[in-house]
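K.L.:
this is a predicted model, with the sequence first.
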Amino acid sequence: MTIMNILGEKMDLFAAKADVLVLPVFGGEAGAVDAVIARLPEGIRKSAARSIKANEFAGKPGEYVAIDVHDSPYHHVIIIGLGSMTEATLESAREMIGGAIACTRRLGGRSLAVEIPVSDDGDVADVAEAMVVAAQLADYAFDTYKEKNGKKRMKEMTLVIREGRDVLRVRKAVERGCAIAGGVTVARDLVNMPAQVMTPSALAEAAERIVKEAGKNFSLKVLNREECEALGMGAYLAVGLGSEEPVKFLHLTYTPERSSKKRLAVIGKGVTFDSGGLSLKPGDGMMTMKCDMAGAAAVLGLFTVLGQLQPRCEVHGIVAAVENMPSGKAIRPGDIVKASNGKTIEILNTDAEGRLTLADALTYAKKLEPTAMIDLATLTGACLVALGEEITGLMSNNDELAQSVIDAAEDAGEKMWRMPLEKRYKSLIESDIADLRNIPTNRYGGSLTAGLFLEEFVDNLPWVHLDIAGPAFAEKPMASYLGKGGTGHGVRTLVELVERM
Ligand code: BES
Ligand code: ZN
Ligand code: ZN
């Protein structure tokens, strides 16, 4: 994607050079809208007042008016609502900029200048960063396969700081925002790429590119089937038996310049296509299953950002990449496999493959003796039933780590909700003839029993499991700034978390 030129400049919005000028307004208070009209150049004040009245614009979220301007360097002024100042959050600024960019595009503009709106208790740098991330995500399009590249991308966005605000801090925030958005974009592209190209080998190549680009503090180990066999990864390898595509186990490492007390392992589910295997999914259920490597994509997105931000914390990224296909060589319902921690698993449904790959990935991660582990996985359809399409299910054996992930997600603008690892439900994944069964004996609470299954491979290490089955892939737009397809969900939260560790 073309990186938009985002400048932090202390200047008057109406002196900015752009096709469209954007004036965000906190609504709700008497006089707020009049105050905005008063700030407009003389020549458009009357027509602006007329449009505002005609549209009953009051500065609510999602409301805007676009004013045509003649004889000036810009051709439109957009006045756009943020909602009341007391209720506005960083998400209001993200939604606002997503709306402003959509509107600019409709008006035929390719550049915009926008004022950074700051509430009384807000911080200009935080708002700027949120706006930059959202603007870059709003400008995203996956049009690699279109004859005519579909969406007109923005050329430039200029951020305007109002009186007395810190230009240098905003410049830093802009840089950070661009880095984060770059990582999310990498993740979105990986998810959107069809499974016919985004194979386990292609994921390994992407990891190689990212690590190379990130520089000297980064390394990558790629294990093939034989090497994984030697480590006893019977659960993971069973999933790959039906596919023609060779498995690739990825281990990325970031070692910060100064040695760190914290060591984070981030494990991403990397099933490049989930047909269900012999427990084949119905056609409809398979349509979005190229997204079953979204956890892996988030890990690679995170590493892209780490390369730019070089935080203090040591980070390991682990992906057991594999394709889940049916064939004469595929694993069968009823087969029993042994994971690398010695536990045996009765596979009763080959479509519950994610937990099999994660069993060995978590065991591998544990051996690195991390201070915390986080896995991200499009693990269960049940999570969509429980929390809907936009919210991640979070499960954890550690309250403190769980809370720090929830806080990071909140600030980063990703929705997560904690669900319990209920001990009594463990009986549902007990097998008569092996240590565990890969599907529970009833269909209730399917996300929780999947979480409990993973916990068997974690021991007592602080660990958070993120079931991202809902928000990883948007079948309809998830925000004004986040369109259909791969969302890169998780990258923003992980960056926030790593920086706080
Ligand atoms: N990859 C799917 C889960 C999924 C479903 C992700 C929809 C995103 C959207 C996973 O491998 C799966 O098939 N899970 C089964 C588990 C069941 C067989 C216990 C499911 O959720 O139906
Ligand atoms: Zn599956
Ligand atoms: Zn799956």
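P.N.:
Great, that's in hand. Ligands and ions are numbered 1, 2, ... in the order given.

K.L.:
how far away is residue 456 from residue 53?
P.N.:
Distance of residue 456 to residue 53, given as Cβ to Cβ, to the nearest Å: 64 Å. For glycine as for every other residue, the C-beta is placed from the backbone atoms N, C-alpha and C.

K.L.:
what about this protein, any weak spots by pLDDT?
P.N.:
1-10, 149-150, 163-165 (pLDDT under 70).

K.L.:
how about the residues of it near ligand 3?
P.N.:
271, 274, 292, 354 (Cβ under 5 Å from the ion).

K.L.:
looking at residue 456 and residue 53, which has the bigger crowd around it?
P.N.:
Here residue 456 and residue 53 are compared on neighbour count by other Cβ atoms under 10 Å; more neighbours surround residue 456, at 18 against 11.

K.L.:
that one reaches residue 344, doesn't it?
P.N.:
No: using Cβ atoms under 8 Å, residue 456 is not in contact with residue 344; the gap is 11.2 Å.

K.L.:
between these two, what contacts are shared?
P.N.:
Taking Cβ atoms under 8 Å, 6 or more residues apart in numbering as the contact rule, residue 456 and residue 344 both touch 435, 436.

K.L.:
element containing the closest residue to residue 426 other than its chain neighbours?
P.N.:
Of all residues not flanking residue 426 in the chain, residue 452 sits nearest, at 5.5 Å (Cβ to Cβ, 6 or more residues apart in numbering). Residue 452 belongs to helix 446-455 when assigned by DSSP states H and E.

K.L.:
and that helix, what does it pack against?
P.N.:
helix 354-366, helix 381-387, strand 392-396, strand 463-467 (3 or more Cβ pairs under 8 Å, 6 or more residues apart in numbering; DSSP states H and E).

K.L.:
closest one to ligand 2 among those?
P.N.:
Ligand 2 lies closest, by Cβ to the ion, to one member of those: helix 354-366, at 6.2 Å.

K.L.:
how near is residue 499 to residue 204?
P.N.:
Taken as Cβ to Cβ, the span from residue 499 to residue 204 is 27 Å.

K.L.:
more crowded one of the two?
P.N.:
Between residue 499 and residue 204, counted using other Cβ under 10 Å, residue 204 has the larger neighbour count: 22 against 15.

K.L.:
may I see the buried residues of the strand or helix carrying that one?
P.N.:
Per DSSP H and E: residue 204 is located in helix 200-214. Judged by neighbour count (16 or more other Cβ atoms under 10 Å), helix 200-214 contains these buried residues: 200, 202, 203, 204, 206, 207, 210, 211, 214.

K.L.:
quick check, central residue of this structure?
P.N.:
residue 489 (1.8 Å; Cα atoms, centre = their mean).

K.L.:
mind listing what it touches?
P.N.:
If you count contacts by Cβ under 8 Å, 6+ apart, then residue 489 has 294, 298, 392, 414, 468, 471, 472 around it.

K.L.:
restricted to strands, list these.
P.N.:
residue 392 (DSSP state E).

K.L.:
hang on, isn't residue 360 packed against residue 338?
P.N.:
No: in this structure residue 360 lies outside contact range of residue 338 using Cβ under 8 Å: 10.1 Å.

K.L.:
anything in contact with each of those two?
P.N.:
Joint contacts of residue 360 and residue 338 (Cβ under 8 Å, 6+ apart) are 234, 235.

K.L.:
more neighbours: which of the two?
P.N.:
Taking other Cβ under 10 Å, residue 360 and residue 338 do not tie; residue 360 has more neighbours (27 against 16).

K.L.:
burial of the closest residue to ligand 1 within the stretch 351-500 of the chain, as a residue count?
P.N.:
Residue nearest to ligand 1 within the stretch 351-500 of the chain: residue 381 (3.3 Å; Cβ to the nearest ligand atom). Using other Cβ under 10 Å, residue 381 has 15 neighbouring residues.

K.L.:
if you count contacts, what does the helix or strand hosting residue 185 end up packed against?
P.N.:
Applying DSSP H and E as the criterion places residue 185 in helix 167-192. If you count contacts as 3+ Cβ pairs under 8 Å, 6+ apart, helix 167-192 packs onto strand 5-10, helix 124-138, strand 156-161, helix 200-214, helix 294-309, strand 485-486, helix 491-500.

K.L.:
nearest to ligand 1, of these?
P.N.:
Of the helices and strands packed on helix 167-192, the one closest to ligand 1 (Cβ to the nearest ligand atom) turns out to be helix 294-309, at 8.3 Å.

K.L.:
the closest one near ligand 1 anywhere?
P.N.:
No: contact of helix 294-309 with ligand 1 (Cβ under 6 Å from any ligand atom) is absent, the minimum separation being 8.3 Å.

K.L.:
swap in stretch 436-446?
P.N.:
Yes: applying Cβ under 6 Å from any ligand atom, one finds stretch 436-446 touching ligand 1 at 439, 446.
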